[in-house]
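A.B. asks: got a sequence here, can you model it:
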Amino acid sequence: MQVTEKCFDKVKKDCFKFIKSQETSTEKFSNKDKMLKTFLIPICFWIANKTNNKKPYFVGLAGGQGTGKTTISSILKIILEKYFKLKVFKISIDDFYKTRKERFNLSKKIHPMLMTRGVPGTHDVQMMLNFFKKVKSKNFKKIELPDFNKAIDDRSAKKYWYKLKEKPDVIIFEGWCVGAKAELDKTLKKSINSLEKTNDQKFLWRNYVNKQLKTNYKKLYSQLNCMIYLKAENFSLLQKWRLKQEHKLWLKSKKSSSHKIMNKSDILKFMQTYQRITENMFKKMPKYASIVLNLNSNHQIKSAIYKKK
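C.D. replies: Prediction:
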């Protein structure tokens, strides 16, 4: 307990400053002390104990839409850097989305629904695998990595890309489908929402996505050293949180008329493309994730479950 308090005293100023930057006039974080002391600081001790100076330790962090992946991963980064003096690089699988042009070509070749970013098959997996390989190399050289701008639904210009100049001790790789596993083929035939029933009557879209999980994404996720999963109580809550998330994006981007911000109807339709894999992760992820953070309906961490060795 003493080491937790010592760590808390060292990091609270920076953590609270970041948390404040994520708040809006109508949405404030509560129980910040508890979140840090009870959950996030112990996780950082757990991660720090597994690092070595030979190669980066890859932390996968997953959770449904709006669960707080970016916030949690950012706080973990602050703690690991400030208290443990580790070099941490954080990146989202979202930054590796294919460009609009690439997704357009995919939608023409495979299925129209692949124009919509999100599901496995809409990321540049080879680019991610190349990044993992380069960052593990003994002869490390500066790496440039893409930045995806969701407000314009396309990859940012190269001048905005991330520049990784030195080898990190820890890499936090976050995203809604990070670590997701494929379904059994027989379960794909039953539509789980109106979008699938109407737009994927021949199962082409869901079969393609599931095949990606079986192959390319399985290879990608095998590179991760551990998985942290943010588990919401149900899919309806994720829809509610995703609407709040989009409102935040609108507040940040409203000065630009070129930004593509979605309305409520668009978001609910958009989230149907995520539902199948999200529901499957609800069932499967707690069985194999290294750490499961259970979230309550108020968007707060209520418990942490560490996988037994």
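A.B. asks: now the strands for this protein?
C.D. replies: Under the criterion DSSP state E, strands of the chain are mapped to 57-63, 88-92, 143-145, 148-149, 154-155, 162-164, 170-174, 226-231, 291-295, 301-306.
A.B. asks: nearest residue to residue 239 in space, please, no chain neighbours.
C.D. replies: In space, and not counting its chain neighbours, residue 239 is closest to residue 271: 5.7 Å by C-beta to C-beta, 6 or more residues apart in numbering. (Each C-beta comes from the backbone N, C-alpha and C, glycine too.)
A.B. asks: so the one you found makes contact with residue 242?
C.D. replies: Yes: at 6.0 Å, residue 271 and residue 242 qualify as touching, with contact defined as C-beta atoms under 8 Å.
A.B. asks: dump the residue contacts of the residue nearest to residue 239.
C.D. replies: Each residue near residue 271 by C-beta atoms under 8 Å, 6 or more residues apart in numbering is listed here: 65, 238-239, 242.
A.B. asks: which two among those are spaced furthest apart?
C.D. replies: With distances taken as C-beta to C-beta, the most widely separated pair in those is 65 and 239, at 7.6 Å.
A.B. asks: between those two, who's got more neighbours?
C.D. replies: Each of residue 65 and residue 239 had its neighbours counted (other C-beta atoms under 10 Å), and the higher figure belongs to residue 65 (24 against 19).
A.B. asks: touching, that one and residue 274? I think so.
C.D. replies: Yes: shown here, residue 65 and residue 274 form a contact pair, counting by C-beta under 8 Å, at 6.2 Å.
A.B. asks: low-confidence ranges in this protein?
C.D. replies: The model of the chain has pLDDT under 70 over residues 247-262, 309.
A.B. asks: where do the helices sit along it?
C.D. replies: Using DSSP state H, the helices of the chain run over residues 2-22, 32-34, 41-48, 69-82, 100-109, 125-136, 194-199, 204-214, 216-221, 235-253, 264-288.
A.B. asks: okay, those helices in CSV with distance to residue 142 next?
C.D. replies: Output for the helices of the chain, formatted as CSV (distance: least, C-beta to C-beta, whole Å):
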stretch, distance to residue 142
helix 2-22, 26
helix 32-34, 36
helix 41-48, 25
helix 69-82, 20
helix 100-109, 25
helix 125-136, 10
helix 194-199, 42
helix 204-214, 30
helix 216-221, 22
helix 235-253, 29
helix 264-288, 34
